[in-house]
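# Next input, structure requested:
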Amino acid sequence: MDERLVRFGIFFFAAVIAADLAAALLFPPDPFSQLYFVGVAAAVAVPLGYLFAYHGGYERLSGLLGR
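Numbering: from 1, shown residues only. Model (predicted):
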């Protein structure tokens with residue numbers, strides 16, 4: 001499997017899980033507002049994951065972190 005596709009998947013799912021946790025902590029326990037927040041976060045995570053995986057964002061980030 002392509003390494004870039006794996007990086008994209010890791011970033012996307014990590015962003016959606018982080019958004020789900022943030023929605024659970026910051027929003028009221030209304031399922032519609034939480035689903036709205038997670039949906040918006042997923043829509044934002046797709047282009048960010050693309051930039052990280054296919055335009056050198058992962059290499060720059062790992063260089064800044066010293067890996």
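
# So for Q34, what's the nearest residue that isn't a sequence neighbour?
Ranked by CB to CB, 6 or more residues apart in numbering and with sequence neighbours excluded, the top spatial neighbour of Q34 is A23, at 4.3 Å. Quick note: C-beta positions are derived from backbone N, CA and C, even for glycine.

# what about that neighbour, which helix or strand?
In this structure, A23 sits in helix 3-26 according to DSSP states H and E.

# Can you mark which positions in that helix are buried?
R7, F8, F11, F12, A15, V16, A19, D20, A23 (16 or more other CB atoms under 10 Å).

# and which of these is nearest to A45?
A15 (3.7 Å; CB to CB).

# Look up the closest residue to the closest one, ignoring the ones flanking it.
Using CB to CB, 6+ apart, the closest residue to A15 is A45 (3.7 Å).

# Next, the contact list for that neighbour, please.
Shown in contact with A45 (CB atoms under 8 Å, 6 or more residues apart in numbering): F11, F12, A15, V16, A19.

# looking at it, the second one is touching V44, isn't it?
Spelled out, it's F12. No: F12 is beyond contact range of V44, at 10.3 Å (criterion: CB atoms under 8 Å).

# list the buried ones in stretch 21-40?
Buried-residue list, stretch 21-40, by 16+ other CB under 10 Å: A23, F27, Q34, F37, V38.

# Tell me the spacing between the second one and L35.
Read that as F27. F27 is 10 Å from L35, where distance means CB to CB, to the nearest Å.

# correct me, but F11 touches Y54?
No: using CB under 8 Å, F11 is not in contact with Y54, being 11.0 Å away.

# Run through who's touching the helix holding A23.
33-34, 37-38, 41-42, 44-46, 48-50, 52-54, 58.

# Name the nearest of those relative to D2.
A53 (9.2 Å).
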